[in-house]
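Participant: Output the structure for:
(chains A and B)
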There are 2 protein chains.
Amino acid sequence: MTTAADAPLPASRSAASETLADLSEGAVLGRIFPRLPTATAQLLGPGDDAAVISAPDGRFVVTTDMMIQGPDFRLAWSTPHDLGWKAAATNLSDVAAMGARPTALVVAIAAPPSTPVSVLEGIADGLRDCCEALAPGCGVVGGDLSASDALTLAVTAFGDLEGRSPVLRSGARPGDTVALAGRLGDAGIGLELLFRLGVDADGVPDFDRSNTLKLTHPSEVAAQLTPVPPIDSGPLAALAGATAMLDVSDGLAIDAGRIARASGVGIDFDSACLGERIEVALGGGEDHGLLATFPPDIVLPPGFRRLGTVVAASASIVAGTITLDGAPHDQVGWDPYRGWDGAAG
Amino acid sequence: MTTAADAPLPASRSAASETLADLSEGAVLGRIFPRLPTATAQLLGPGDDAAVISAPDGRFVVTTDMMIQGPDFRLAWSTPHDLGWKAAATNLSDVAAMGARPTALVVAIAAPPSTPVSVLEGIADGLRDCCEALAPGCGVVGGDLSASDALTLAVTAFGDLEGRSPVLRSGARPGDTVALAGRLGDAGIGLELLFRLGVDADGVPDFDRSNTLKLTHPSEVAAQLTPVPPIDSGPLAALAGATAMLDVSDGLAIDAGRIARASGVGIDFDSACLGERIEVALGGGEDHGLLATFPPDIVLPPGFRRLGTVVAASASIVAGTITLDGAPHDQVGWDPYRGWDGAAG
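Facilitator: As a prediction, the model looks like this:
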């Protein structure tokens, strides 16, 4: 793990034009670490070979996710602050989907040597602001800096189950209520808008046009670039007795199919609960809401709304089947090796 | 976190020619996961939004490190198995340097869609073989797959302090013995050999020439490509009362300077203990030995050998100063944003 133990104090000279190649690794870290949030669970933070984190109930939850310029984001669309925010938000959401409270992150960043230091400072600010907004007390306990051609963020997030059992994908039972906390379809619409209208005449992502979109469609673009997953709803769902839960990242139908397959059941969505844009609600990815199943007799915890019902597998309903008002629905979604055309920008 | 919950069984058809783009993400994961080692500390493994790991003493150690094709490795020199091995070994070493026993890894891999699936299988085999050889019981509990132009491995490793205090960099005291477990300088020589003789006439990394080097200089090339850090020596040093410890990744002089600065002392190396290639011993990076300081009156634990002595800071010895037989020594080492020429290969 890279450390800032020997970092000089931040320089006061023209920060805006400085690149990573202008500074030593220690100096770059000295500029980044003061901007990062401190985790209350941190027993030993940055500055040694590894960090030490508190795990009061004798277990910890861990998830990891990598974001890469090109397939996962475009610098013409996302600010550095956006990137830091989204890298934190998506990982916090995976922790929350276990019913855990996020406690800490480690963040590895690779960037071209020509990258302005201010880009890394912006990423750090985004990580901090997301943690403070969505998971107060969660902080960055360590990281790593590398050189690369494409800006790359690898975040690993930790959580505390606070004595509870983790909420798996496999516990849904026939009759359970299927419910969602968070948004549905907006992130997919935002991405479609960016690819259609946030590009120049050659289809290249364009800074000015995406800024126009941010004014004309602020909600959808923000849902894609700076998602606000309902982190608190994860532990609340666990406390309320959720039988299964996951983070909706690849689209409602695909992710519901994962719960259904793991649980050996089917899931039937009620079209009246999916809004006016049903295909978008079922197929749009990256919403990072929490999809959960609850025993039919309980009151849904705050933030959750009913979308459908868990149904028993049968001769006509293979385990994993998703239906809409009882009729079959094809699942389509994102695949990392098929969904990327190789462009960056 | 990406999961293999819905992965079909591995296909039996012509595996060698299949690329990542030929298979779904789930199918790729279905090929990789069975090759990975299971962690004894794993309470919930791959297949959900996050894993759950045991932390019996109420704390866990965490470190993260990213390896990228180009600045960190060349595919003409390293096999996929080598890459998996080194990614595990360098992270295990950071855990051991805290005095902890490695328990688990999470691994995020990004690769071009044209990458043969066999490359990822080789990486998985290298991760497994390294864990089984150096840290039995440590396993891979989760991961993530992404698309990218450059093959990228981001590993996060966890460790168990087993009730002990972590061994920091800041505890060295004047009079302490400075000692090393592991090799010294060989990895640097191996890298120098590869850059000088493992390239074609244009200086491009060359598969055949590096294979010749692996025959003529097996020890040095292996030290660079497949390091075998003394993982067991970390907990042994902690039990023996080590006052400070770190993983030697950037070179002995630089890394000793980190202990010295953090501890407010100087470190004097005894040239008679550094072998015949003193500058290589002091300057070569990536050996991943464990450098530790011990009270002067104790018997060094197995695997450690004396290299020098901790000296008090004074008017002439600023804290952090490294000396050789009492004379000043300049520190030179690797910087990720200055040490890479932009080439991959």
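Participant: so whichever residue of the stretch 151-300 of chain A sits closest to chain B bridges to which residues?
Facilitator: Nearest to chain B, among the residues of the stretch 151-300 of chain A, is A:A154, at 3.5 Å (CB to the nearest CB). Where C-beta positions appear, they are placed from N, C-alpha and C, glycine not excepted. With DSSP bridges as the criterion, A:A154 is bridged to A:M66, A:A108.
Participant: Tell me who's in contact with A:A124.
Facilitator: A:32, A:35-36, A:84, A:140 (CB atoms under 8 Å, 6 or more residues apart in numbering or on different chains).
Participant: Can you give me the distance of A:A39 to chain B?
Facilitator: Between A:A39 and chain B the computed distance is 11 Å (CB to the nearest CB, to the nearest Å).
Participant: Is that residue in a helix, a strand, or coil?
Facilitator: At A:A39 the chain is in coil, as set by DSSP: H, G, I helix; E, B strand; the rest coil.
Participant: ok, now which ones touch it?
Facilitator: A:45, A:53, A:103-105, A:137-141.
Participant: Which single one of those is nearest to A:V167?
Facilitator: A:T103 (17.1 Å; CB to CB).
Participant: How confident is the prediction for the closest residue to A:S54 other than its chain neighbours, by pLDDT?
Facilitator: Leaving aside its chain neighbours, A:S54 sits nearest to A:A41 (4.3 Å; criterion: CB to CB, 6 or more residues apart in numbering or on different chains). For A:A41, the pLDDT comes out at 97.
Participant: Isn't A:A41 up against A:G137?
Facilitator: Yes: the pair formed by A:A41 and A:G137 meets the contact definition of CB atoms under 8 Å, at 7.5 Å.
Participant: Between the two, which is the more surrounded one?
Facilitator: Neighbours were counted for A:A41 and for A:G137 using other CB atoms under 10 Å in any protein chain shown; A:A41 has more, 23 against 17.
Participant: do you know how far that one is from A:L236?
Facilitator: Per CB to CB, to the nearest Å, A:A41 is found 20 Å from A:L236.
Participant: try A:E286
Facilitator: 22 Å.
Participant: With A:L43 instead?
Facilitator: A:L43 is 27 Å from A:L236, by CB to CB.
Participant: Those two: which is more packed in?
Facilitator: Just comparing A:L43 and A:L236: by other CB under 10 Å the higher neighbour count belongs to A:L236, 21 against 17.
Participant: so where does the residue nearest to A:R169 when sequence neighbours are not counted fall, helix or strand?
Facilitator: Distance criterion CB to CB, 6+ apart; nearest residue to A:R169, sequence neighbours excluded, is A:A262 at 4.0 Å. Assessed by DSSP states H and E, A:A262 sits inside helix A:252-263.
Participant: Follow the chain on from that helix and name the next helix or strand.
Facilitator: With DSSP H and E setting the assignment, the helix or strand that follows helix A:252-263 is strand A:265-269.
Participant: So which residues make contact with that following strand?
Facilitator: Against strand A:265-269 from outside (CB under 8 Å, 6+ apart): A:172-174, A:178, A:252, A:256-257, A:259-260, A:282, A:307-314, A:317-326, A:329.
Participant: Could you do stretch A:205-223 as well?
Facilitator: In contact with stretch A:205-223 (CB under 8 Å, 6+ apart) are residues A:74, A:76-77, A:183, A:186-187, A:189-190, A:193-194, A:197-200, A:287, A:345.
Participant: Could you give the average pLDDT over stretch A:270-289?
Facilitator: Throughout stretch A:270-289, pLDDT has a mean value of 92.
Participant: One more: stretch A:137-150?
Facilitator: 95.
Participant: Do any residues in that stretch lie close to chain B?
Facilitator: Yes: judged by CB under 8 Å from any CB of the partner chain, stretch A:137-150 and chain B are in contact via A:141-150.
Participant: and these, which are buried?
Facilitator: A:141-150 (16 or more other CB atoms under 10 Å in any protein chain shown).
Participant: Farthest pair within those?
Facilitator: A:V141 and A:D149 (27.9 Å).
Participant: The residue most central in space within chain A and chain B: what is the separation?
Facilitator: The centroid of chain A falls nearest to A:T90 when counting by CA atoms, centre = their mean (1.0 Å). As judged by CB to the nearest CB, A:T90 and chain B stand 10 Å apart.
Participant: How about the secondary structure of that residue?
Facilitator: Looking at A:T90 with three-state DSSP, the answer is helix.
Participant: ok, it - contacts?
Facilitator: Applying CB under 8 Å, 6+ apart to A:T90 gives the contacts A:65, A:67, A:155, A:227, A:229, A:247, A:249, A:288.
Participant: try 7 Å
Facilitator: A:65, A:288 (CB atoms under 7 Å, 6 or more residues apart in numbering or on different chains).
Participant: how much distance is there from the helix or strand hosting A:L246 to the middle of the chain?
Facilitator: Using DSSP H and E, A:L246 sits within strand A:244-248. In terms of CA atoms, centre = their mean, to the nearest Å, the centre of strand A:244-248 is found 12 Å from the chain centre.
Participant: Now do that strand: which elements does it pack against?
Facilitator: When contacts are defined as 3 or more CB pairs under 7 Å, 6 or more residues apart in numbering or on different chains; DSSP states H and E, strand A:244-248 packs onto helix A:252-263, strand A:289-294.
Participant: what ranges do the strands span in chain A?
Facilitator: Counting by DSSP state E, residue ranges of the strands within chain A are A:42-44, A:51-54, A:59-68, A:101-111, A:139-147, A:152-160, A:177-181, A:244-248, A:265-269, A:289-294, A:304-312, A:322-324, A:327-328.
Participant: Lowest average pLDDT across these?
Facilitator: Among the strands of chain A, strand A:327-328 carries the lowest mean pLDDT (a mean of 89).
Participant: residues in contact with that one?
Facilitator: Residues contacting strand A:327-328 (CB under 7 Å, 6+ apart): A:T321.
Participant: contacting residues around A:L291?
Facilitator: A:180, A:245-246, A:248, A:252, A:255-256, A:259.
Participant: Tell me what it is bridged to.
Facilitator: Beta-bridge partners recorded for A:L291 (DSSP bridges): A:L180, A:L246.
Participant: Double-check A:L180 against A:L307; I have them as touching.
Facilitator: Yes: under the criterion of CB atoms under 7 Å, A:L180 makes contact with A:L307 at 5.3 Å.
Participant: Compare those two (neighbour count), which wins?
Facilitator: More crowded of A:L180 and A:L307, by other CB under 10 Å: A:L180, with 26 against 22.
Participant: In contact with the more buried one, which residues are there?
Facilitator: Going by CB under 7 Å, 6+ apart, the list of residues near A:L180 reads A:289-291, A:304-305, A:307.
Participant: Looking at these, spot the one nearest A:D57.
Facilitator: A:L290 (21.3 Å).
Participant: residues near the residue of the stretch 151-300 of chain A closest to chain B, how many?
Facilitator: When neighbours are defined as other CB under 10 Å, A:A154 has 32 of them.
Participant: Distance to A:P296 added to the residues of stretch A:137-150 next to chain B, as a markdown table?
Facilitator: Conversion of those to a markdown table gives the following (distance: CB to CB, whole Å):
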| residue | distance to A:P296 |
| --- | --- |
| A:V141 | 41 |
| A:G142 | 44 |
| A:G143 | 45 |
| A:D144 | 47 |
| A:L145 | 50 |
| A:S146 | 50 |
| A:A147 | 54 |
| A:S148 | 50 |
| A:D149 | 53 |
| A:A150 | 48 |
